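[1] here is a sequence together with a model predicted from it:
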Amino acid sequence: MQTTEPITLPHLTNEMVVNARKTRLCSFSVALEGWRRGLKLTWYTADSKYYENMVIFGVNPPGRLYSLSSDERTEFFFRTRGNKVSSEAVELSDDKYTTKKILSEAGVPVPLGKGFPADATNEEIIEYGKELGFPLVVKPTDGSLGWGVVTNIRNEKELAESLVYVREELEYDEVIVEQYVVGPEYRVYIIEDKVIAAYNRIPANITGDGKSTIEELIHLKNLQRRKNARLSDCLIEVDVEILQFIKEAGYTLDSVLPKGKKIYIREKSNVSIGGDPIDVTDQLSDAIKSIAIRALKAMPGFSHGGVDIIINEGDVTKESAVVLELNATAQIGGILFPLEGQSRDIPKAIVDYYFPETIGVTKADPRLYFDMSTVLEPLENRSSQEVEVIPAPMGKMHSKRFCVIGNVMRENYHRWLREQAINLNLHGHIERVYHNEIEIMVAGTDMKAIEEFKSLIKQSRSAKVEKITEQNWTGPIKIGFEIHEQYDISRFRSSATALRILNRDYIRLERMKNRAEKVNGYIKNSTSWKVSAPIRKIGGFFK
């Protein structure tokens with residue numbers, strides 16, 4: 001039985017992935033798993049000497065391609081796809097009609113349908129659709145992320161409109177027309193012949209509580225999604241489609257849904273437009289898993305990836321399912337951070353597959369992580385072609401949190417503390433808590449280094465420490481050492497405290513500004529400034 005609250009992976013928390021959203025989450029999670037095992041982690045741009053690998057992976061933007069290396073070999077990855085998935089498999093899976101044909105010839109059930117080339121006329125496609133029978137689906141041959149897919153086409157007029165939209169407005173000339181299969185849709189992730197994870201993708205929906213309007217329920221649903229690392233930037237946006245669904249259900253945005261009443265407000269189940277990822281790995285039957293495995297095995301060079309299937313509710317055969325498509329670069333964020341159920345550790349399974357010799361070896365502390373944005377910055381600003389991430393400290397990490405009270409708010413004191421931590425090979429951060437209190441978190445494999453750092457806290461002339469309290473730190477540990485000079489308002493004891501401190505800082509900054517303007521005025525009114533005016537003009541001319 002599924003729980004309403006998801007069970008997440010303790011070694012992959014929201015805090016760790018804050019700078020690795022959407023497709024970056026896929027790359028980050030796999031790279032992090034390999035890095036923690038002591039594998040060398042390197043990221044590349046298209047200017048790197050490994051460009052030939054990028055051609056195979058179809059990669060252009062910086063930071064998309066990365067490698068994990070042991071002493072014996074290097075394996076390249078693009079998001080979740082590794083180099084054991086052949087370029088042929090990628091090309092075939094991108095061509096949905098060819099995929100459908102290969103699967104059908106292998107005896108894998110697929111929706112009945114046909115692909116049409118760019119030179120096919122809309123009239124020709126409509127005639128085929130009428131023969132196949134409504135309802136239908138129209139989708140691009142080489143589309144992705146659900147873009148350009150039109151479902152539940154119920155008559156000839158809707159089919160004609162869909163073709164104009166997909167072929168002319170979106171400019172997808174090659175399309176597939178197939179049966180519209182009604183039923184729950186699943187993404188199954190497989191490595192070789194083993195199902196690693198499966199989740200049900202449910203179209204955007206809301207459930208009434210007997211007191212909130214539909215508009216308020218959508219807002220509440222978005223608040224729930226904001227707490228989820230994968231869904232936080234995939235909110236439900238009220239648009240024409242949603243308004244139409246609400247209208248067809250007999251409601252308006254101001255209607256109050258009865259308690260327990262559930263309505264769907266979109267047709268497609270894509271997570272990016274509000275769909276709910278629900279873990280069903282343990283609930284999915286062996287028969288359905290077998291269909292997904294057969295589909296993967298039918299594609300040449302397709303050793304691991306995602307299989308999208310739908311259980312056909314209109315088929316009287318028990319648990320009959322059809323395969324919609326295969327995805328060589330499957331997004332896994334939905335199963336890493338499901339809305340309900342158990343998070344499944346696909347990154348672990350992928351690294352196990354590519355580096356089986358690392359299974360069971362000593363790993364870095366599972367709380368350790370690196371910041372994705374910091375790592376990719378040199379690639380994105382083109383200051384570097386490759387970035388190798390500093391190796392993860394191996395073994396158990398000792399970590400402490402020191403609350404330091406006194407005259408301790410000077411930035412040069414914080415910089416001095418950071419320098420001491422780095423010299424002692426410690427990781428962590430300094431954070432302002434209140435007007436006379438900072439938090440220092442330090443972590444390292446050597447407990448003596450932490451004790452030495454503690455003794456140094458009082459030794460700077462830039463601060464007057466009145467009190468130090470110590471606690472064990474159990475939270476995530478980012479490599480490196482950061483200084484957070486901005487207050488974390490959420491930690492203030494009250495809103496009044498927050499306003500008082502922020503107001504004090506505003507006054508301090510205002511005084512600094514006034515002082516700077518005053519000094520600037522003195523300079524501009526000085527004799528030397530006036531005398532040097534012609535020289536400054538000459539300098540500006542040659543600039």
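    Received it, and whenever you're ready, just let me know what you need. Numbering: from 1, shown residues only.

[2] and the nearest residue to L170 once chain neighbours are set aside, what's its pLDDT?
    In this structure, L170 finds its nearest non-sequential neighbour in G148, 4.9 Å apart by CB to CB, 6 or more residues apart in numbering. C-betas here are computed from N, CA, C, even on glycine. We have a pLDDT of 81 for G148.

[3] repeat that for N60.
    46.

[4] who's in contact with the residue nearest to L9 when sequence neighbours are not counted?
    Sequence neighbours aside, S343 is the residue nearest to L9 in space, at 4.8 Å (criterion: CB to CB, 6+ apart). S343 makes contact with 6-9, 12, 279, 335-337 under the criterion CB atoms under 8 Å, 6 or more residues apart in numbering.

[5] looking at those, which are in strands?
    Of the contacts of S343, the ones assigned to strands by DSSP state E are D279.

[6] now for the contacts of S343: which two are most distant?
    Across those, no pair lies farther apart than L12 and D279, at 14.6 Å, counting by CB to CB.

[7] wait, doesn't G113 sit right on V177?
    Yes. Contact criterion CB atoms under 8 Å: G113 and V177 qualify, at 5.7 Å.

[8] common neighbours of those two, please.
    132, 137.

[9] what distance separates the start and the end of stretch 169-177?
    17 Å (CA to CA, to the nearest Å).

[10] tell me the mean pLDDT over it?
    On average, the pLDDT along stretch 169-177 is 90.

[11] hmm, D279 is touching D345, no?
    No. With contacts defined as CB under 8 Å, D279 does not count as touching D345, sitting 12.0 Å away.

[12] more neighbours: which of those two?
    Neighbours per residue, other CB atoms under 10 Å: of D279 and D345, the larger number sits with D279, 24 against 20.

[13] pull the number of nearby residues for the residue nearest to the more buried one when sequence neighbours are not counted.
    Once flanking residues are discounted, D279 sits nearest to G341: 2.6 Å by CB to CB, 6+ apart. Other residues lying near G341 total 23 when counted by other CB under 10 Å.

[14] can you check E439 too?
    Using other CB under 10 Å, E439 has 20 other residues around it.

[15] quick one: the strands in the stretch 51-200 of the chain?
    Ranges of strands within the stretch 51-200 of the chain are 65-69, 74-78, 81-82, 113-116, 136-140, 150-153, 175-179, 185-191, 194-202, based on DSSP state E, counting those that start in this stretch.

[16] for S272, which three-state class applies?
    What DSSP: H, G, I helix; E, B strand; the rest coil gives for S272 is helix.

[17] surely it meets C234?
    Yes. Under the criterion of CB under 8 Å, S272 makes contact with C234 at 5.1 Å.

[18] so the two - more neighbours on which side?
    C234 (23 against 17).

[19] quick check: that one vs D276, distance?
    10 Å (CB to CB, to the nearest Å).

[20] show me where the stretch 201-350 of the chain has helices.
    Assigned by DSSP state H, counting those that start in this stretch, the helices in the stretch 201-350 of the chain fall at 214-226, 240-248, 286-298, 333-336, 346-354.

[21] average pLDDT across the shortest one?
    Which is helix 333-336. Mean per-residue pLDDT for helix 333-336: 94.

[22] is it possible to export the strands of the stretch 51-200 of the chain to CSV including distance to I242?
    What follows is those, written out as CSV (distance: least, CB to CB, whole Å):
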stretch, distance to I242
strand 65-69, 37
strand 74-78, 34
strand 81-82, 33
strand 113-116, 28
strand 136-140, 20
strand 150-153, 15
strand 175-179, 26
strand 185-191, 19
strand 194-202, 15
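
[23] let's have those strands in JSON lines, adding distance to N381 and mean neighbour count.
    Below are these laid out as JSON lines (distance: least, CB to CB, whole Å; neighbours: other CB atoms under 10 Å):
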{"stretch": "strand 65-69", "distance to N381": "17", "mean neighbour count": "23"}
{"stretch": "strand 74-78", "distance to N381": "21", "mean neighbour count": "21"}
{"stretch": "strand 81-82", "distance to N381": "26", "mean neighbour count": "22"}
{"stretch": "strand 113-116", "distance to N381": "42", "mean neighbour count": "19"}
{"stretch": "strand 136-140", "distance to N381": "34", "mean neighbour count": "23"}
{"stretch": "strand 150-153", "distance to N381": "40", "mean neighbour count": "18"}
{"stretch": "strand 175-179", "distance to N381": "40", "mean neighbour count": "22"}
{"stretch": "strand 185-191", "distance to N381": "34", "mean neighbour count": "24"}
{"stretch": "strand 194-202", "distance to N381": "36", "mean neighbour count": "22"}
